[in-house]
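Asks: quick one: sequence plus predicted model below, questions after.
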Amino acid sequence: MTSEDADVYPPSEDTYLLRDAAVEEARPDDFALEVGTGSGVVAEALNETAERVVATDINKAAVRAARSKGVESVRTDLVAALDASFDLVVFNPPYLPSTDETPDDDMSLALGGGETGRETAERFLDAVPRVLAPDGRVLLVASSVSGVDEFEERTDYTVERVASERYFFEELVVLRLRLRSGS
Ligand SMILES: C[S@@+](CC[C@H](N)C(=O)[O-])C[C@H]1O[C@@H](n2cnc3c(N)ncnc32)[C@H](O)[C@@H]1O
């Protein structure tokens, strides 16, 4: 492990849950995007299945980690720097509740999703339509710690649960979202 690895979210249960769901979801002709790639493990697996994969992260050490795995990576907030049309977008967001006192180091940014724990994910869902192809699919990890039902209540997406895993203190769920027509 390099000193840089310590600043990157290590592959964990949520990583592997998303990786397996993403590989299952991806089609050979997909142009795919992983937002918040961290170590790059999910994007690396998608690279084997989809036609082309791009990844983003706000953490420069994560961008370097993903590049070292052969993943085309961009440092940006969510999808801000991208101007493309993706068939599949996947995101394992920071989903733990955080407070104003939470430090803003890279690992806290990897974990903390604002006061509700859903703020980064909600901001992502507001932003992603700009780079989503017609009929594009989104896979999003959600946790019972910060709430899953709230995503299912959004009126701009149809939402299905495609994978879930129960751990001793939480349930992790992978949601598949598609924009409703007219959204
Ligand atoms: C829970 S970690 C997941 C990392 C990796 N995808 C995985 O599954 O192991 C969340 C990742 O999102 C990144 N992140 C947090 N806020 C972000 C933002 N606004 N834009 C882009 N990436 C962000 C973090 O740096 C971190 O790498």
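Replies: Sure, I can see it.
Asks: any idea which helix or strand carries residue 151?
Replies: helix 149-152 (DSSP states H and E).
Asks: repeat that for residue 19.
Replies: Per DSSP H and E: helix 13-25 holds residue 19.
Asks: what helices or strands is that helix leaning on?
Replies: helix 41-49, strand 86-91, strand 132-143, strand 157-166, strand 171-179 (3 or more CB pairs under 8 Å, 6 or more residues apart in numbering; DSSP states H and E). Every residue, glycine included, has its C-beta placed from N, CA and C.
Asks: deepest-packed of the ones you listed, please.
Replies: Mean neighbours per residue, mean count of other CB atoms under 10 Å, is largest over the helices and strands packed on helix 13-25 for strand 86-91, with a mean of 24.
Asks: between that one and strand 171-179, how big is the angle?
Replies: 150 degrees (axes from the mean of the first three to the mean of the last three CA atoms, to 10 degrees).
Asks: strand 86-91 near the ligand at all?
Replies: No: shown here: strand 86-91 not in contact with the ligand (CB under 6 Å from any ligand atom), separated by at least 7.5 Å.
Asks: quick one on the thing from earlier: relative to residue 73, which of the helices and strands packed on helix 13-25 is closest?
Replies: Nearest to residue 73, of all those, is helix 41-49, at 7.6 Å by CB to CB.
Asks: what packs against the next helix or strand after the closest one?
Replies: Next helix or strand after helix 41-49 toward the C-terminus (DSSP H and E): strand 52-57. The helices and strands touching strand 52-57, judged by 3+ CB pairs under 8 Å, 6+ apart, are strand 31-35, helix 41-49, helix 60-68, strand 72-75.
Asks: for residue 126, which of those is the nearest?
Replies: strand 31-35 (12.8 Å).
Asks: got a list of contacts for the closest one?
Replies: Under the contact criterion CB atoms under 8 Å, 6 or more residues apart in numbering, strand 31-35 has outside partners 22, 26, 42-43, 46, 50-57, 71, 78-79, 82, 84-91, 93, 124, 128, 131, 133.
Asks: how distant is that strand from the center of its chain?
Replies: 9 Å (CA atoms, centre = their mean, to the nearest Å).
Asks: quick one: strands adjacent to that strand?
Replies: strand 52-57 (parallel), strand 86-91 (parallel) (DSSP bridges).
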